[in-house]
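> Show me how the following folds:
(one chain, ligands or ions: 2)
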Amino acid sequence: MAFDSARTSEASDRRPEQAIGHANGGALVPGLKNGATPPPTYLTHRLRLNPNSDHRPDNYEGLDLEFSPLIFSSLERYLPPNLLHQARDVKLNYMSEILLRYYPENERIRLQKHREYRQKIISNYQRLHLELYNNMHPTNFFVPSFLKAINENTEQAFRNIMSEPSPGIFTFEMLQPRFCEMLLAEVENFEKWVHETKFRIMRPSTMNKYGAALDDFGMRKMLEKLMEDFIRPISKVFFPEVGGSILDSHHGFVLEYGIDRDVDMGFHVDDSEVSLNVCVGKQFSGGELFFRGVRCDEHVNTETKPEEVFDYSHVPGSAVLHRGRHRHGARATTAGNRMNLLLWCRSSVFRESRKYQKDFSSWCAECKREKKERQRQSVAAIDMKEITGHAEEGGANCSLS
Ligand SMILES: O=C(O)CCC(=O)C(=O)O
Ligand SMILES: [Fe+2]
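Ligands and ions are numbered 1, 2, ... in the order given. Predicted coordinates:
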């Protein structure tokens, strides 16, 4: 497929499918009939004004939570006394309800529906490789060179295992073949289950008919650890200007390509600050990634400069790490099957601060060019002023002499 620049096709903004209106039904609050309105949680769910400082909160680490475990252990001291010694799940539900109140209404409903959707999958789908879900064993997942670099945690150690074939695109060996095989088999198992039960799953984004959101299948904890302990330290070094050191949430999924699956992926930017894309297998032809420069929202469809054109062929086990705003797409997989693991890493703080800024010259190539041009023009204007100033002075001198 010929693809030259953003001029021939507009880069779309990939956002995941929304968790609303799925066909699997379910009342909003368990135990309430459809249509019955529950009492607002501000009437039933309250916190104490002052914390109980003698109380030792539960540990919320290692659970599949929408908020940080630290928020729950801090909030627990503010629970009403009758709740303090209840089971952890009871406290968790109570606090989640309170935290969700701070979301806008539609977002709260969306989150609640998504939580129920996930719960349905998790309680019905029979897992094949438990190792993919439970505590991650890094030595079973990652190749030794990658682990060594992560343990050393220095720019030099990362550079030793990485190539940067085009500015801002890093490639390195990452996954053990055994891990790739397990993930392939697990995804095949999901797809079989989806087919047999006719469960309507949400695909990773509106651009995919195949593939699966791994977070919905119970791998959220494992992927969170992947982001926090492995991708964030690297992003802190290579992508600090897009919140690389403060990544705090993720969307993790697999994509399945082939003649009988999704064939290609159009030109787009990701809904992420930093994207990890690892080839899991199997054997395939085609499917090259094409990159075309980093852009902010305003410049997303501007022309590609020749030095921004970069194409990359995936290799099983190897990863590509790039800014989410690095425009890219994937060419058709022409034979065989290609599967890859994607982890879109996001930073809520970076997103919030972006709302108040206009100039993104620290990462958007077009903002950078515009800024340089402004600087060039102001230097030229100063030079011109100096020249005309001197000329005027010269003129005055002439008339004096
Ligand atoms: O198929 C690929 O390797 C690219 C996928 C991608 O860019 C994405 O899911 O955001
Ligand atoms: Fe992408």
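
> Before we move on, what's the pLDDT of residue 317?
As summarised for this prediction, residue 317 has a pLDDT of 98.

> Look up the closest residue to it, ignoring the ones flanking it.
Closest residue in space to residue 317, ignoring its immediate chain neighbours: residue 175 at 4.8 Å, by CB to CB, 6 or more residues apart in numbering. Using the backbone N, CA and C atoms, a C-beta is placed for each residue, glycine as well.

> Could you report the neighbour count for that neighbour?
21 (other CB atoms under 10 Å).

> That one is in contact with residue 138, isn't it?
No: in this structure, residue 175 is not within contact of residue 138 by CB atoms under 8 Å, at 11.2 Å.

> And the host helix or strand of residue 159, what does it pack against?
Taking DSSP states H and E as the definition, residue 159 sits inside helix 155-161. In terms of contact count using 3 or more CB pairs under 8 Å, 6 or more residues apart in numbering; DSSP states H and E, helix 155-161 is assigned the packing partners helix 144-152, helix 232-238.

> quick one: buried residues of it?
Neighbour-count burial for helix 155-161, counted by 16 or more other CB atoms under 10 Å, picks out 157-158, 161.

> Quick one: the strands in the protein, in order.
Using DSSP state E, the strands of the chain run over 12-13, 163-166, 169-173, 212-213, 249-257, 265-269, 274-281, 284-286, 289-294, 309-312, 318-323, 326-330, 333-336, 338-346.

> can you tell which of these is closest to ligand 1?
Proximity of the strands of the chain to ligand 1 was assessed by CB to the nearest ligand atom; the nearest stretch is strand 326-330, lying at 3.5 Å.

> Show me what that closest one pairs with in its sheet, parallel or antiparallel.
Strand pairing for strand 326-330, using DSSP bridges, gives strand 265-269 (antiparallel), strand 289-294 (antiparallel).

> tilt between it and strand 318-323?
When axes from the mean of the first three to the mean of the last three CA atoms, to 10 degrees is applied, the directions of strand 326-330 and strand 318-323 differ by 140 degrees.

> contacting residues around strand 326-330?
For strand 326-330, the surrounding residues in contact (CB atoms under 8 Å, 6 or more residues apart in numbering) are 3, 6, 11, 168-169, 257, 264-269, 275, 287-295, 300, 304, 322.

> Against ligand 1, which of those make the cut? List them.
Near ligand 1, judged by CB under 6 Å from any ligand atom, the entries from those are 265, 289.

> Now the buried members of the contacts of strand 326-330.
Of the contacts of strand 326-330, these count as buried by 16+ other CB under 10 Å: 3, 6, 11, 168-169, 257, 264-265, 267-269, 275, 287-295, 300, 304, 322.

> Pull the number of nearby residues for residue 307.
One way to gauge burial is a neighbour count; for residue 307, by other CB under 10 Å, it gives 10.

> Could you do the one 4 residues further on as well?
Burial of residue 311 is recorded as 14 neighbouring residues (other CB under 10 Å).

> Hmm, it is touching residue 292, no?
No: counting by CB under 8 Å, residue 311 does not reach residue 292; the two are 9.9 Å apart.

> Where does the prediction get shaky in this protein?
Scanning the chain for pLDDT under 70 picks out 1-9, 17-40, 42, 390-401.

> who are the neighbours in contact with residue 136?
Residues touching residue 136, when contacts are defined by CB under 8 Å, 6+ apart, comprise 222, 225-226.

> May I have the beta-bridge partners of the residue lying closest to residue 314 once chain neighbours are set aside?
Nearest in space to residue 314, with sequence neighbours left out and distances taken as CB to CB, 6+ apart, is residue 279 at 3.8 Å. When assigned by DSSP bridges, residue 279 has beta-bridge partners residue 340.

> All good on my end, thank you.
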